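S.K.: Structure for the following, please:
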Amino acid sequence: MRYEQLAELGQQLRVDAVRAADAAGSGHPTSSMSAADIAAVLVANHLRYDFERPENPGNDRLILSKGHASPLLYALYRAVGVVDDGELLTFRRRGSRLEGHPTPRLPWVDVATGSLGQGLPVGVGMALAGKRLDRVPYRVWVLCGDSEMAEGSVWEAVEHAAYERLDRLTLIVDVNRLGQHGPTRQGWDLDAYARRLHSFGWHTAETDGHDVSAVDAALNEAEATTGRPTAVLARTHKGRGVAAVDDREGAHGKPLPDAGAAIAELGGPRFLTVDVAAPPRARVEREKAADRPETPRYAVGDTVATRDAFGDALAALASRRTDVVALDGEVGDSTRTAAFEKAHPERFFECYIAEQQLVAAAVGLRARGYTPYAATFAAFLTRAHDFVRMAAVSGTAINLVGSHAGVAIGQDGPSQMGLEDLAMFRAVHGSTVLYPCDANQTVRLVSAMAELPGIGYLRTTRGATPVLYGPGEEFPVGGSKVLRSGERDRVTVVAAGVTVHEALRAADLAEAEGIGVRVVDLYSVEPVDVETLQEAADATGCLMTVEDHRPEGGLGDAVASAFADGRPVPRLVRLAVRNMPGSATPEEQLHIAGIDAESIAAAVRLLMGQSVVR
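M.R.: Predicted coordinates for the structure are as follows:
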């Protein structure tokens with residue numbers, strides 16, 4: 001498109017952003033207006049995309065990281081003909097696809113944005129898929145704001161992109177100087193951004209973001225750069241083109257005060273259309289799955305750590321399914337993803353000690369059609385919670401695995417203990433939370449996770465535990481296993497993971513004293529097996545939950561949720577980690593926290609009104 005037309009298209013995008021926000025009575029038109037010329041040049045002269053086939057593997061990917069500038073994105077969609085004028089003016093209304101921040105309700109949006117600092121990390125995941133797996137020459141374009149350059153997750157992504165030499169990834173920074181509250185840290189100092197990016201190994205191109213010919217040249221430069229990613233640093237004005245808001249503080253996140261006058265000042269509505277260039281024909285070819293890959297099988301009575309079973313199971317699953325990929329946060333020897341790396345090195349991604357980038361890369365890989373399993377210590381996944389939350393907003397199915405859970409890890413102490421992870425993942429919309437207690441159960445659950453529709457979380461144990469189940473046992477998501485029951489049961493102990501074994505030993509102790517104890521292995525913490533729990537409550541009248549986790553949000557709360565909506569509530573006792581652990585052996589840790597077999601048996605005796613014998 002000629003430069004005169006590009007300038008007109010930029011004005012059209014500004015007008016449409018103003019119109020959309022005015023119709024909604026809310027929104028971020030000034031943040032959209034600053035990047036309008038950049039967007040016009042990108043979509044008209046550089047983007048390669050088949051809007052009729054958003055699933056086309058050759059399509060470029062466009063991520064609007066500054067998701068609050070959604071009016072600009074929707075104005076682009078009107079210009080390319082996939083959103084009409086009527087729908088544009090439904091912006092932010094109930095039931096509209098044009099939400100306040102973009103989500104994949106629109107088929108051309110790969111991932112939800114709006115929590116700043118996430119677009120580039122996810123873009124890295126997409127670019128990794130293109131370079132190492134798809135081997136398709138699509139480009140990944142990420143448009144972000146200057147304010148979000150203060151986010152640490154951006155710099156995790158910057159470093160990772162340079163390390164992986166992702167030369168088909170282009171970051172475009174809309175440097176409009178103004179944030180939500182006052183100026184940004186660097187203002188219009190493009191050199192300050194450039195110095196930082198250069199230090200990580202990026203190529204940069206600095207440009208006037210309102211000179212369409214200069215923007216075009218900068219994007220051409222990005223496309224011509226090989227061996228490293230490029231950042232286009234574009235100096236712009238927030239609210240460009242309307243004197244009342246142009247580069248003025250206090251206008252962020254508000255419709256323009258006089259939309260009619262602003263539209264007239266911008267030259268009125270326009271109805272230019274853009275024929276976006278089609279991508280080159282591309283096809284993704286995946287390796288052939290193994291004919292009869294062996295599934296790990298463990299003998300009942302053996303002692304095996306569930307983290308070991310996870311590593312073996314994931315490697316075997318990847319032999320059957322070539323869409324399965326693994327990511328790790330530089331703890332693969334501990335999480336056991338090293339087994340996957342050895343078996344399938346081309347599908348293993350080392351993300352180093354950068355948990356936000358770890359989860360973001362998983363999201364990006366999923367957006368390109370892969371089934372990711374991302375692993376690190378359970379405690380460290382808390383750093384990436386916002387990425388998990390936004391993955392759920394995207395409706396993205398990714399699998400996360402947290403090892404070294406609870407006080408059972410022993411001497412390493414509290415900084416390494418995942419004690420809040422079950423609560424964190426249970427709170428995520430549409431999540432599935434699984435906590436196996438033995439190796440064969442772990443194998444089955446790892447395979448089941450590949451079919452989950454949303455966020456899946458698997459909690460694994462560091463130490464070896466006895467194998468309780470045969471390799472043919474089934475473990476449906478949402479289920480549980482009653483490991484011990486009898487007609488004389490007076491209390492039900494509900495456990496998961498490491499505490500299942502403690503509960504079984506406690507039941508033996510109680511049985512020796514004439515107290516019948518039912519034991520339920522609640523391996524599916526979310527969703528929970530309501531039917532089995534209610535049956536146990538009816539039979540015994542009392543439930544005791546035992547968890548290697550804080551009392552808030554974990555197993556106890558999951559069990560309590562089975563008795564909502566007016567169902568009769570049994571007596572519920574919760575044993576959990578209430579102390580601040582120090583260093584001690586795993587056995588000592590469980591005893592100090594009051595969740596070992598002796599402590600469970602003592603709690604049962606107290607419930608039954610009997611004296612505690614130690």
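
S.K.: All the helices of the stretch 101-250 of the chain, in order from the start?
M.R.: With helices called from DSSP state H, counting those that start in this stretch, the stretch 101-250 of the chain shows them at 119-128, 152-163, 190-200, 212-224.

S.K.: need these in a markdown table with mean neighbour count and distance to residue 146, can you?
M.R.: The C-beta positions use only the backbone N, C-alpha and C, and glycine is treated the same way. Formatted as a markdown table, these follow (neighbours: other C-beta atoms under 10 Å; distance: least, C-beta to C-beta, whole Å):
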| stretch | mean neighbour count | distance to residue 146 |
| --- | --- | --- |
| helix 119-128 | 30 | 13 |
| helix 152-163 | 22 | 11 |
| helix 190-200 | 16 | 8 |
| helix 212-224 | 19 | 16 |
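
S.K.: To residue 595, which of these lies closest?
M.R.: Proximity to residue 595 (C-beta to C-beta) singles out helix 152-163 among those, at 35.1 Å.

S.K.: so that closest one versus helix 119-128, what angle?
M.R.: Orientation of helix 152-163 against helix 119-128 (axes from the mean of the first three to the mean of the last three C-alpha atoms, to 10 degrees) gives an angle of 30 degrees.

S.K.: Can you tell me the centre-most residue of the protein?
M.R.: residue 388 (3.1 Å; C-alpha atoms, centre = their mean).

S.K.: between the helices of the stretch 101-250 of the chain, which gets nearest to residue 269?
M.R.: With C-beta to C-beta, the closest approach to residue 269 among these belongs to helix 212-224: 19.8 Å.

S.K.: Off-centre distance for that closest one?
M.R.: 32 Å (C-alpha atoms, centre = their mean, to the nearest Å).

S.K.: CA atoms only for that helix - export them in PDB, please.
M.R.: Taking Å, rounded to 0.1, in the frame of the first residue of the first chain, the C-alpha atoms of helix 212-224 are listed here in PDB:
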ATOM      1  CA  VAL A 212       4.700   5.500   7.900                       C
ATOM      2  CA  SER A 213       7.600   5.400   5.500                       C
ATOM      3  CA  ALA A 214      10.000   5.200   8.400                       C
ATOM      4  CA  VAL A 215       8.000   2.500  10.100                       C
ATOM      5  CA  ASP A 216       7.900   0.600   6.900                       C
ATOM      6  CA  ALA A 217      11.700   0.800   6.600                       C
ATOM      7  CA  ALA A 218      12.100  -0.400  10.200                       C
ATOM      8  CA  LEU A 219       9.900  -3.400   9.600                       C
ATOM      9  CA  ASN A 220      11.700  -4.200   6.400                       C
ATOM     10  CA  GLU A 221      15.000  -4.100   8.500                       C
ATOM     11  CA  ALA A 222      13.500  -6.500  11.000                       C
ATOM     12  CA  GLU A 223      12.600  -8.900   8.200                       C
ATOM     13  CA  ALA A 224      16.000  -8.700   6.700                       C
END
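
S.K.: Show residues contacting that helix.
M.R.: For helix 212-224, the external contacting residues (C-beta atoms under 8 Å, 6 or more residues apart in numbering) are 3, 6-7, 10, 37-38, 40-42, 45-46, 139, 170, 172, 203, 205-209, 230, 232, 234.

S.K.: and what of stretch 468-479?
M.R.: Here stretch 468-479 makes contact (C-beta under 8 Å, 6+ apart) with 295, 297-298, 300, 432, 434, 436-438, 440-441, 443-445, 448, 452, 481, 483, 500, 521, 523-524, 527-529, 532.

S.K.: what do you get if the cut-off is 6 Å, keeping everything else the same?
M.R.: Here stretch 468-479 makes contact (C-beta atoms under 6 Å, 6 or more residues apart in numbering) with 297, 300, 432, 438, 440, 441, 444, 445, 448, 524, 527, 529.

S.K.: Generate the PyMOL command that creates a selection of the buried members of those residues.
M.R.: To isolate the buried ones among the contacts of stretch 468-479 in PyMOL, judged by 16 or more other C-beta atoms under 10 Å, type:
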select buried, resi 432+438+440+441+444+445+448+524+527+529
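
S.K.: can you put the helices of the stretch 101-250 of the chain in CSV and add mean pLDDT and distance to residue 400?
M.R.: Below are the helices of the stretch 101-250 of the chain laid out as CSV (pLDDT from 0 to 100; distance: least, C-beta to C-beta, whole Å):
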stretch, mean pLDDT, distance to residue 400
helix 119-128, 98, 14
helix 152-163, 98, 16
helix 190-200, 98, 27
helix 212-224, 98, 33
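
S.K.: Dump the ones you listed to CSV, plus distance to residue 354.
M.R.: Output for the helices of the stretch 101-250 of the chain, formatted as CSV (distance: least, C-beta to C-beta, whole Å):
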stretch, distance to residue 354
helix 119-128, 9
helix 152-163, 4
helix 190-200, 13
helix 212-224, 24
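
S.K.: Where is the longest helix in this protein?
M.R.: If you go by DSSP state H, the chain has its longest helix at helix 3-24.
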